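J.: Predicted model, plus sequence, below.
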Amino acid sequence: MNIFTWYKHKCLRVLLIFKNLLIDWRFFPLSFQMNNLVTPVVGFIEDTFQATPNPDEVSEVFLVPLEYFVKPLNYKTFSYKTSSGYSTHVHCFIYHDQEHKKSFKIWGLTAHFAVFLALVIFGERPTFEVDYDLDNLISSSENYFINLYASVHEGKKSNL
């Protein structure tokens, strides 16, 4: 899967024009609904960048400090078990934007990737449980993906 297979469905909720994005790092892909693989990328954009999302896909664009995904003020987790019995956590954050007097719910794949990125960048333990070995973050995250993919697609031919 190439880097421009962008995760527009429910991840970051911002569609960037690639000429304004300096791609710095690519995540491992993650499988989700309908046998889709999502491969998020991390990049840097100028402070002056103005997002122009597709209104059919994105309801709002908002900013959340990355540190919030390791030290949240309002956090819940839900246990999820695949049909083959593999257990994982679904993170759910409620972020209160004081400037705009609004609250935003960040969960599912968006929360999953934000948590992982925060763990990599800050290198500190979150205030909640995660599905990774924090002492071996990269290799354990790859194992997590492989196990989750295998459990979701058990009995089906892998496209990996």
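T.: Noted; the coordinates are in hand.

J.: Looking at the residue positioned nearest the centre of the chain now. What's its pLDDT?
T.: Using Cα atoms, centre = their mean, the residue of the chain that lies closest to the mean C-alpha position is residue 113, 2.1 Å off. Looking at residue 113, its pLDDT reads 86.

J.: Quick check: which element contains it?
T.: helix 108-122 (DSSP states H and E).

J.: Over to residue 55?
T.: Secondary structure assignment for residue 55, by DSSP H and E: no helix or strand.

J.: low-scoring stretches of the protein, by residue?
T.: Using pLDDT under 70 as the threshold, the predicted model of the chain has low-confidence ranges 1-36, 83-84, 149, 152-160.

J.: Which strand runs longest in it?
T.: In the chain, assigned by DSSP state E, the strand with the most residues is strand 87-97.

J.: Can you point out the buried residues in that strand?
T.: Going by neighbour count (16 or more other Cβ atoms under 10 Å), the buried part of strand 87-97 is 89, 91-93, 95. (Each C-beta comes from the backbone N, C-alpha and C, glycine too.)

J.: could those residues go into CSV alongside distance to residue 82?
T.: Written out in CSV, the entries for these read as follows (distance: Cβ to Cβ, whole Å):
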residue, distance to residue 82
89, 13
91, 17
92, 19
93, 23
95, 28
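
J.: quick one: which of those residues is nearest residue 45?
T.: Within these, distances to residue 45 taken as Cβ to Cβ reach their minimum at residue 95, with 20.0 Å.

J.: Bridging across strands, which residues link to the closest one?
T.: Assessed by DSSP bridges, residue 95 has beta-bridge partners residue 104.

J.: Correct me if wrong: it contacts residue 102.
T.: No. Taking contacts as Cβ atoms under 8 Å, residue 95 lies outside contact range of residue 102: 9.2 Å.

J.: Report the set of residues contacting both of those two.
T.: Taking Cβ atoms under 8 Å, 6 or more residues apart in numbering as the contact criterion, the residues that touch both residue 95 and residue 102 are residue 62.
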